[in-house]
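Student: quick one: sequence plus predicted model below, questions after.
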Amino acid sequence: MRPASALLSGPRAHHKALRALATLAICAAGGAAVVFALGLAGTDYAFLAAYTVLQFVALASAWNILGGYAGYVNFGVAGFFAVGVYTSVVVYKTLQWPLIFTIPLAAVFAGLLGLGMGYLTLRLRGVFFSIATLAFSIVLNTLIVNWAFVGGSRGVYVMHPASIEPFGSYARYLVIIMLILAIGCVLIARAIERSWIGNGLAALKDDEIAAECAGVPSLRIKLFATTLSGALLGAIGAPFPYFITYVDPASAFSLTIAVNTIAMPLIGGTATWLGPVIGALLLGTLQQVATVTISSALNLLIVGILLVVFITVAPNGIVGFVKGLREKRP
Amino acid sequence: MIFSLDLFCNAVVAGILLGGFYCAVAVGITIAFGMLDIVNIAHPAFVMAGGFIAYFCNTKFGVDPVLACAIATVPAYIVGRLVYRFYYHAFEKRGEESLQGLAFFFGLLFIIEVGLLLTFGVDYRFVEAAYIGPTIDVGFISIPWRLLVPLLVGLAVTGGIIAFLSRTFIGKAILAVSQDPLALRLVGGNPVKVKEIAFGLSIATAILSGALLIVIQPIEPSMGRDFIGRVFAIAVLGGMTSLPGTIMASMILGVAESLTTTFFGPSWSPAVAFGLLLVTLAAKPAGIMGR
């Protein structure tokens, strides 16, 4: 937390806007570099791997808004993600909109779901909230399995054109979209962290009753965080059907996605926006390498072991660990 | 939807029988979660481990699955105590149990699950015993032995735990730690030691429930996840700390699920538990037997 940004005045605000612009420029440049490098690598696998890793960066950042800042662990990641996925499937089967218009729609639906879930469950103590979110995701899963229009348990094919102008191949187009989503999620998470809402959520995490006594509108900002986090998770799900081209409940409510989304911020560090990014890049890349070189069954084992090791050795994640080392130095 | 009396009665009976198994799983959750405040979401993974112990002993040595796991409860109790000791030193002592503790058990869940997956593979495994197959027919109601045995064992375990908690010295100490650990410390008890014993007990019941599960149906390693929500639904519905509440909630969920499966089809049954859980959490978070 930075007290300086909480006490904004005229020149400081100007300075802050400049810094935000600079961050945006750096992100854009970095993103362009990623796409350019992938273009040089040229293989489809490079795009596939990049999409998966970027998706994890986005998911981890979005999850962290509620799970990390407020300490409310959402086990229902798969549910929100799947709302985005199936919004996309329904749009594909009915309106045939281009993908970039589907993403905001998916965000709206998933956000509404988050709001509803928040109303039902946010009055519960932390762990009960976690279980309720898991329940939410499984109820949704059951509904989708029984909904024949979107393919039910058999699944549905989603076709996309081989190329799209001016991006070249469709795989490259998807990577660019996911890149923008990832950067967007990170910037939003960063903005929340540095606003009064972020401070309020951090206060809630420390002691909810004390925060309420001090005037933090706890239910309102929790609802805000749940809605925003849910909306972003849904938006990230929207391009997914075009990415895998065959959607069934098992892939939309994928356990790998849910587990990684929770594990990555915890390994990277939940207190800041940087933690989920580091966790996602590290774990995502590691898993890509492990999938290619060893086996895909090992992925969950890697996540499980890393999670246990990290929270035992570095309970505040990599970011917290590095910070602790720095503070120890004279 | 076809409604008939004998279908209905059979579904209710099957539900009560299934409730016995749920009860055996939920007892451990009620102890760990409700009484000790330990968010052991890896509990169903221990149940699966128990199932595979039963499978291993049955296929290798021809031992009865329930007997095998009854013996295995002793090492399971020790493992449980070790897990709690680690958990205590790594998290509880530092006061970081809420988020980090949850993450720890989350990680443990996947380590156990993938460990089983790598050892036994993804195929469905089953056991052989004399009581798997035959049924008792009472009028138009049929009671399969493979469901009756888990019900009896489940109720015996739960009854035993209730008796242990209310009659013995250590049992009363466990109840005391669930009410007020500080007060227990003041009268000279060691809450950490008591919690360690109680958690060992909880894991032992999980291993035994695994034998019941593999008697009821063939199992594969990732099945445990389906039970997470279901047994937590029972624990919450039962009021978290009350074992009689847990028994009642198990039966309610078993019957509700069985009726749904019979009249709407099995694809709807997962939603029953979670729908019930959401309604309980929203309307009466203290559970049916809540204070």
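Tutor: Nice, I can see it. Numbers count the residues shown, from 1 in each chain, chains lettered A, B, ... in the order given.
Student: ranges for the helices of the stretch 51-200 of chain A?
Tutor: A:77-93, A:99-121, A:126-145, A:170-194, A:196-206 (DSSP state H, counting those that start in this stretch).
Student: out of the ones you listed, which gets nearest to chain B?
Tutor: Smallest distance to chain B across these (Cβ to the nearest Cβ): 3.7 Å, for helix A:126-145. Where you see a C-beta, it was placed from the backbone N, CA and C, and this is true even at glycine.
Student: buried stuff in the closest one?
Tutor: Of all the residues in helix A:126-145, those buried under the rule 16 or more other Cβ atoms under 10 Å in any protein chain shown are A:126-142, A:144-145.
Student: helices and strands around that helix, which ones?
Tutor: helix A:77-93, helix A:99-121, helix A:249-252, helix B:224-237, helix B:269-283 (3 or more Cβ pairs under 8 Å, 6 or more residues apart in numbering or on different chains; DSSP states H and E).
Student: now it, how far from the chain's geometric center?
Tutor: How far helix A:126-145 lies from its chain's middle: 18 Å, per Cα atoms, centre = their mean, to the nearest Å.
Student: per-residue confidence averaged over that helix?
Tutor: Averaging pLDDT along helix A:126-145 gives 80.
Student: spit out the contact partners of the residue nearest to residue B:12 when sequence neighbours are not counted.
Tutor: Excluding the flanking residues, the one nearest residue B:12 by Cβ to Cβ, 6 or more residues apart in numbering or on different chains is residue B:255, at 5.6 Å. Residues near residue B:255 by Cβ atoms under 8 Å, 6 or more residues apart in numbering or on different chains: B:11, B:12, B:15, B:16, B:19.
Student: most surrounded residue in those residues?
Tutor: residue B:19 (28 neighbours; other Cβ atoms under 10 Å in any protein chain shown).
Student: look at residue 103 and say how many residues are nearby.
Tutor: Just so you know, I chose chain A. Using other Cβ under 10 Å, residue A:103 has 23 other residues around it.
Student: chain B, not that one
Tutor: A count of nearby residues for residue B:103, using other Cβ under 10 Å, gives 26.
Student: the helix or strand hosting it near chain A at all?
Tutor: Using DSSP states H and E, residue B:103 sits in helix B:102-120. Yes - residues of helix B:102-120 contacting chain A under Cβ under 8 Å from any Cβ of the partner chain: B:102-104, B:106-111, B:113-115, B:117-118.
Student: mind picking the two most distant members of the residues you listed?
Tutor: B:102 and B:118 (24.9 Å; Cβ to Cβ).
Student: circling back: please name the strands paired to the helix or strand following the helix holding residue B:103 in the sheet, noting orientation.
Tutor: The first helix or strand that comes after helix B:102-120 along the chain, using DSSP H and E, is strand B:135-138. Strand B:135-138 has its sheet partners listed here by DSSP bridges as strand B:141-144 (antiparallel).
Student: the residue most central in space within chain A and chain B, how far apart?
Tutor: In chain A, the residue lying closest to the centroid (Cα atoms, centre = their mean) is residue A:59, at 1.6 Å. Noted for residue A:59: a distance of 16 Å to chain B, by Cβ to the nearest Cβ, to the nearest Å.
Student: now do residue A:164
Tutor: As for residue A:164, its distance to chain B is 37 Å (criterion: Cβ to the nearest Cβ).
Student: excluding sequence neighbours, find me the nearest residue to that residue.
Tutor: Computed as Cβ to Cβ, 6+ apart, the closest residue to residue A:164 that is not its neighbour in sequence is residue A:173, at 4.9 Å.
Student: where in chain B is pLDDT low?
Tutor: For chain B, applying pLDDT under 70 flags the ranges B:1-3, B:96-98, B:284-291.
Student: and the helices in it, which stretches?
Tutor: Assigned by DSSP state H, chain B shows helices spanning B:5-29, B:43-61, B:65-87, B:102-120, B:145-167, B:169-179, B:181-186, B:191-216, B:224-237, B:243-264, B:269-283.
Student: who's more crowded, residue B:102 and residue B:118?
Tutor: More crowded of residue B:102 and residue B:118, by other Cβ under 10 Å: residue B:102, with 22 against 13.
Student: ok, for that one, nearest residue in space, not its chain neighbours?
Tutor: residue B:39 (5.0 Å).
Student: number of nearby residues for that neighbour?
Tutor: Other residues lying near residue B:39 total 24 when counted by other Cβ under 10 Å.
Student: pop out the phi and psi values for it.
Tutor: Backbone torsions of residue B:39, given as degrees, to the nearest 10, read phi -80, psi 70.
Student: spell out which residues of the stretch 51-200 of chain B are next to chain A.
Tutor: So far as Cβ under 8 Å from any Cβ goes, the stretch 51-200 of chain B lies against chain A at B:90-91, B:94, B:96, B:98-100, B:102-104, B:106-111, B:113-115, B:117-118.
Student: what lies in contact with stretch A:310-323?
Tutor: The contact list for stretch A:310-323, computed with Cβ under 8 Å, 6+ apart, reads A:265-272, A:274-275, A:278-279, A:282, A:324, B:90-91, B:94, B:96, B:100, B:103-104, B:107.
Student: recalculate using a threshold of 7 Å.
Tutor: A:266-272, A:274-275, A:278-279, B:90, B:96, B:100, B:103-104 (Cβ atoms under 7 Å, 6 or more residues apart in numbering or on different chains).
Student: distance to residue A:110 added to the helices of chain B, as TSV?
Tutor: Shown next, in TSV, are those (distance: least, Cβ to Cβ, whole Å):
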stretch	distance to residue A:110
helix B:5-29	30
helix B:43-61	28
helix B:65-87	34
helix B:102-120	23
helix B:145-167	40
helix B:169-179	38
helix B:181-186	41
helix B:191-216	35
helix B:224-237	21
helix B:243-264	27
helix B:269-283	18
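Student: for the stretch 51-200 of chain A, what are the low-confidence residue spans?
Tutor: Within the stretch 51-200 of chain A, the stretches with pLDDT under 70 are A:122-126.
Student: now do 90
Tutor: Across the stretch 51-200 of chain A, the ranges flagged by pLDDT under 90 are A:51-54, A:65-79, A:87-106, A:113-114, A:116-180, A:183, A:186, A:189-200.
Student: which parts of stretch A:164-181 are buried?
Tutor: Within stretch A:164-181, the residues scored as buried using 16+ other Cβ under 10 Å are A:170, A:171, A:172, A:173, A:174, A:175, A:176, A:177, A:178, A:179, A:180, A:181.
Student: ditto for stretch A:87-102
Tutor: By neighbour count on 16+ other Cβ under 10 Å, the buried set for stretch A:87-102 is A:87, A:88, A:89, A:90, A:91, A:92, A:99, A:102.
Student: contacts only, for the first one.
Tutor: Residue A:87 makes contact with A:102, A:105, A:106, A:109, A:238, according to Cβ under 7 Å, 6+ apart.
Student: any chance of the residues you listed in JSON lines, plus distance to chain B?
Tutor: Converted to JSON lines, the contacts of residue A:87 look like this (distance: Cβ to the nearest Cβ, whole Å):
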{"residue": "A:102", "distance to chain B": "27"}
{"residue": "A:105", "distance to chain B": "25"}
{"residue": "A:106", "distance to chain B": "23"}
{"residue": "A:109", "distance to chain B": "19"}
{"residue": "A:238", "distance to chain B": "25"}
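Student: what's the PyMOL line that selects buried ones from those residues?
Tutor: With 16+ other Cβ under 10 Å as the criterion, this PyMOL line picks the buried residues out of the contacts of residue A:87:
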select buried, chain A and resi 102+105+106+109+238
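Student: next, residue A:216: secondary structure please.
Tutor: Following DSSP: H, G, I helix; E, B strand; the rest coil, we place residue A:216 in the coil state.
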